[in-house]
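*Asks:* okay, structure incoming, though there's no sequence with it:
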């Protein structure tokens with residue numbers, strides 16, 4: 001089936017795409033070893049946003065499995081995970097990278113970052129965010145050790161690996177190509193493109 005729309009998010013970038021209720025959105029790691037941070041916002045009510053913390057409470061897992069839903073702060077289904085061809089290691093704990101984090105890791109001031117990319121992508125489609133919401137971090141190992149320590153590891157995804165989600169509402173889905181390319185080997189020290197395809201039903 002051909003997608004009804006396709007957006008390619010460049011390395012270090014972020015874009016928003018409209019996804020209608022019951023449509024599927026496929027997020028693909030184009031070159032491999034690239035984290036994609038995702039936010040979903042209800043197009044009719046911008047206060048309804050995917051909430052990773054409440055999703056963890058709802059599913060009783062660190063990350064949903066195929067067939068389970070990501071929910072809003074009101075515990076309403078927003079996106080259901082329907083397919084995953086990647087190693088299946090994803091994260092919902094880490095905050096989107098921002099300028100202060102990247103400077104701490106050794107980046108120059110003004111380095112591209114997921115926080116600013118999310119806010120800018122939202123503004124481009126008429127959604128004003130004071131700050132970026134918590135993100136779903138596709139292809140990012142959650143790094144939770146038995147002692148509770150969180151560790152960052154390289155994304156285990158290969159070129160072409162993808163995740164598919166079905167929308168339960170009309171959404172703006174914002175996807176960034178994680179901009180961490182210094183200090184931590186999250187994306188192989190190089191941010192590369194993410195492809196976003198939308199399919200009917």
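*Replies:* Now that the structure is in, tell me what you want to look at. Predicted, not measured: the structure shown is a model, and the values here were computed from it.
*Asks:* what lies in contact with the lengthiest helix in the chain?
*Replies:* Among the segments of the chain that qualify as a helix by DSSP state H, the longest is helix 114-124. Under the contact criterion Cβ atoms under 8 Å, 6 or more residues apart in numbering, helix 114-124 has outside partners 12-16, 37, 39, 41, 96-99, 128-129, 131-133, 135, 172, 174, 176, 178-179. For glycine as for every other residue, the C-beta is placed from the backbone atoms N, C-alpha and C.
*Asks:* quick check: which element contains the most far-flung residue of the chain relative to its centre?
*Replies:* Counting by Cα atoms, centre = their mean, the extreme residue of the chain relative to its mean C-alpha position is residue 147, 26.3 Å from that point. Using DSSP states H and E, residue 147 sits in no helix or strand.
*Asks:* follow-up on the earlier one: could you flag which of the contacts of helix 114-124 are buried?
*Replies:* 12-16, 37, 39, 41, 96-99, 129, 132-133, 135, 172, 174, 176, 178-179 (16 or more other Cβ atoms under 10 Å).
*Asks:* and the lowest-mean-pLDDT helix or strand in the chain, what other elements does it pack with?
*Replies:* Least confident helix or strand of the chain, by mean pLDDT, DSSP states H and E, is helix 99-105 with a mean of 93. Where contact means 3 or more Cβ pairs under 8 Å, 6 or more residues apart in numbering; DSSP states H and E, helix 99-105 is not packed against any helix or strand.
*Asks:* show me what counts as buried in that helix.
*Replies:* 99, 101-103.
*Asks:* distance to residue 59 for these - can I get that in CSV?
*Replies:* Listed next are those as CSV, based on distance: Cβ to Cβ, whole Å:
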residue, distance to residue 59
99, 32
101, 27
102, 31
103, 34
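*Asks:* return the member of the residues you listed nearest to residue 76.
*Replies:* Of all the buried residues of helix 99-105, residue 76 sits closest to residue 101, with 30.3 Å by Cβ to Cβ.
*Asks:* wait, doesn't the closest one sit right on residue 113?
*Replies:* Yes. Taking Cβ atoms under 8 Å as the definition, residue 101 is a contact partner of residue 113 at 7.4 Å.
*Asks:* report the beta-bridge partners for residue 150.
*Replies:* Residues in a beta bridge with residue 150, per DSSP bridges, are residue 144.
*Asks:* can you list the weak-confidence ranges in the protein?
*Replies:* The chain contains no residues with pLDDT under 70.
*Asks:* one more pass at 90, please.
*Replies:* 1, 141-153, 183-184, 201 (pLDDT under 90).
*Asks:* now do the strands in it.
*Replies:* Using DSSP state E, the strands of the chain run over residues 5-9, 14-19, 24-29, 36-42, 69-71, 77-84, 136-138, 162-167, 171-177, 194-199.
*Asks:* helices or strands next to the last one in the packing?
*Replies:* Meaning strand 194-199. strand 5-9, strand 14-19, strand 24-29, strand 171-177.
*Asks:* between those strands, which one is nearest to residue 141?
*Replies:* Ranking the helices and strands packed on strand 194-199 by proximity to residue 141 (Cβ to Cβ) places strand 24-29 first, at 13.4 Å.
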